[in-house]
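Visitor: my questions are about this predicted structure, shown below with the sequence.
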Amino acid sequence: MTDTTLVRDLERTGQDHIVQHLSKLEPSARARLERQLAEFDYDLVARLADIAGQDGPERSVSDFEPAPVLPLSRPPESVRAARQIGAEAIGAGTVAAFVVAGGQGSRLGYDGPKGCYRIGPISGKSLFQVHAEKTLAAARRHGAAIPFYVMTSRTNDAAIRSFFEQNDHFGLGGENVLLCPQRVLPAFDKAGRFILAAPDRVFVSPDGHGGAYHALLAGGALDDMARRGIEHISYVQVDNPLVPTIDPLFIGEHIRAESDMSSKVLEKREPMEKLGVFGYVDGELRVIEYSDMSDDLKRARRHDGSLKYRYGSIAVHVIDRQFARRMAEVDLPFHVARKRIPYVNTEGERIEPKEPNGRKVERFVFDAIPLARNPVVMEVSRADEFAPVKNAEGDDSPATCRAALMARDRRRLARAGIVAPDDVAVEISPLFDLNADHLAEAGLSDLSGRDRIYLE
């Protein structure tokens, strides 16, 4: 090895094992690993290694006051006014859609970017297509172009770019789709040492959804938004196809409050559901992660018997563009996630651990909320807006998501006067206009003998 600066950086940050490993590699493999190692900021590595070596909850809280929430049930005139404000902002071309999609579909047993996973109950449309078509439908409805930004990562950016190109950007137009890769960070073992994913590669992972601010800045999205006159960013997670990418009511409440960052919540299914909750800690509004709450706190009740911390965060926000730019320059806190990470040992053998052996370090997008002006927290309906695809089976799986999508579309048909039996599969494309003429053209007056209804 000739790069003594790299050796010093590795040694001063506790990565001596990597120095020893490099000396054992043949030249081409060593060169590949050195190129990757040279990309790391070793002052940051030292900080992250220290954070990764810490045990126990990061911000355990003993008690806090729940945040005030705009409830589902509120005066109709107020709802109409907020929705009108949002619709006018969308029609004026000041709103953009932002889909966070930096992860892979490994938990689903899917080899590829999660956004490419086919979720349509009948159509087999991908998560990306569902979100893109919801955005296109909103653009047509409000008579304005809505740019569509996607946060990718180094591990899936090329595949996602190819996917959008192959699908002609799902009708949005290539000029209206911009991909922004987020940064990746090395993972560590409990001693704060790099983990080798292969003999010539250190394991890295995306820097969390809190990396969205930097990704928007570094990827050119914030500059592109400024040129277009975009003021409000509608932020959604790619794994939740039920949520609207563009919600006039939510955007209107955000604008009416003159907020920098607003959030959606819903009523938890049960006290132990793994959703963070909003509350005031030391006078600041924060999202308190479920892992930072004791079981007693999660089960706490009010005098009337209702759950004290009843509203869970679903990672859906409206963020003002200028606030996002400021947050891209702010040093938001890092958090540790303990994960099972396959690795290569000193003999070059690949090991599949059965217990968490690694620690990924990431940032959370909602850690910007304490810095936001007038944050809004708005309740939404789980049935209408939350059906994430996270696990291969059980809760939050493709099966539960598809069932929720079909149930939502059955309700939409019922409001139009058409009752679809539960044993009939239903899917309504986001691009289908549910008016009487279109329904008549679809021939839905007689559903006898049908086993599926697909409206495109």
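Guide: Good, I have the coordinates. Numbering: from 1, shown residues only.

Visitor: report how many residues lie close to the residue nearest to Arg373 when sequence neighbours are not counted.
Guide: Excluding its sequence neighbours, the residue lying closest to Arg373 (C-beta to C-beta, 6 or more residues apart in numbering) is Asp260, at 4.5 Å. (Each C-beta comes from the backbone N, C-alpha and C, glycine too.) Asp260 has 22 neighbouring residues, counting by other C-beta atoms under 10 Å.

Visitor: for Met272, same thing?
Guide: Using other C-beta under 10 Å: Met272 sits among 12 other residues.

Visitor: how about it, nearest residue that isn't a chain neighbour?
Guide: Lys298 (5.9 Å).

Visitor: what of Gly192?
Guide: Gly192 sits nearest to Ala49 (C-beta to C-beta, 6+ apart), 3.5 Å away.

Visitor: per-residue pLDDT, that neighbour?
Guide: pLDDT recorded at Ala49 is 94.

Visitor: burial count for it?
Guide: 22.

Visitor: wait, Ala139 sits on Ala145?
Guide: Yes - here Ala139 lies in contact with Ala145, judged by C-beta atoms under 8 Å, at a distance of 5.9 Å.

Visitor: of these two, which one has the most company?
Guide: Ala139 (24 against 15).

Visitor: helices of the stretch 201-350 of the chain, residue ranges please.
Guide: 212-218, 221-228, 248-256, 295-298, 321-328 (DSSP state H, counting those that start in this stretch).

Visitor: going by neighbour count, list what's buried in the shortest one.
Guide: Judged by neighbour count (16 or more other C-beta atoms under 10 Å), helix 295-298 contains these buried residues: 297-298.

Visitor: could I get that helix in PDB with only the CA atoms?
Guide: The C-alpha trace of helix 295-298 is given here as PDB (Å, rounded to 0.1, in the frame of the first residue of the first chain):
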ATOM      1  CA  ASP A 295     -44.300  -0.300  27.300                       C
ATOM      2  CA  ASP A 296     -46.100   1.500  30.200                       C
ATOM      3  CA  LEU A 297     -45.900   4.700  28.300                       C
ATOM      4  CA  LYS A 298     -47.300   3.100  25.200                       C
END
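
Visitor: average pLDDT for it, rounded please.
Guide: Mean predicted lDDT for helix 295-298 stands at 92.

Visitor: identify the residues contacting it?
Guide: 61-63, 271-272, 290, 309 (C-beta atoms under 8 Å, 6 or more residues apart in numbering).

Visitor: out of those, who has the most neighbours?
Guide: Most surrounded of the contacts of helix 295-298: other C-beta under 10 Å gives Tyr309, at 25 neighbours.

Visitor: is the closest residue to that one other than its chain neighbours in a bridge, and if so with what?
Guide: Residue nearest to Tyr309 in three dimensions, not counting chain neighbours: Val277, with 4.4 Å by C-beta to C-beta, 6+ apart. Beta-bridge pairing for Val277 (DSSP bridges): Ile288.

Visitor: do Glu427 as well
Guide: Beta-bridge partners, per DSSP bridges, of Glu427: Tyr454.

Visitor: phi, psi of Arg183?
Guide: phi -70, psi 160 (degrees, to the nearest 10).

Visitor: wait, I meant Gly115
Guide: Dihedral angles (degrees, to the nearest 10) for Gly115: phi -60, psi -20.

Visitor: you'd agree it is up against Gly102?
Guide: No - if you go by C-beta under 8 Å, Gly115 and Gly102 don't touch, sitting 9.6 Å apart.

Visitor: which stretches of the stretch 351-456 of the chain form helices?
Guide: Going by DSSP H, counting those that start in this stretch, the stretch 351-456 of the chain shows helices at 382-385, 398-415, 436-441.

Visitor: now do the buried residues in the longest one.
Guide: Counting neighbours by 16+ other C-beta under 10 Å, one finds that the buried residues in helix 398-415 are 398, 400-402, 404-410, 412-413.

Visitor: just the closest of those residues to Gln129, please.
Guide: Looking at these and their distance to Gln129, the nearest is Leu405, at 13.0 Å (C-beta to C-beta).
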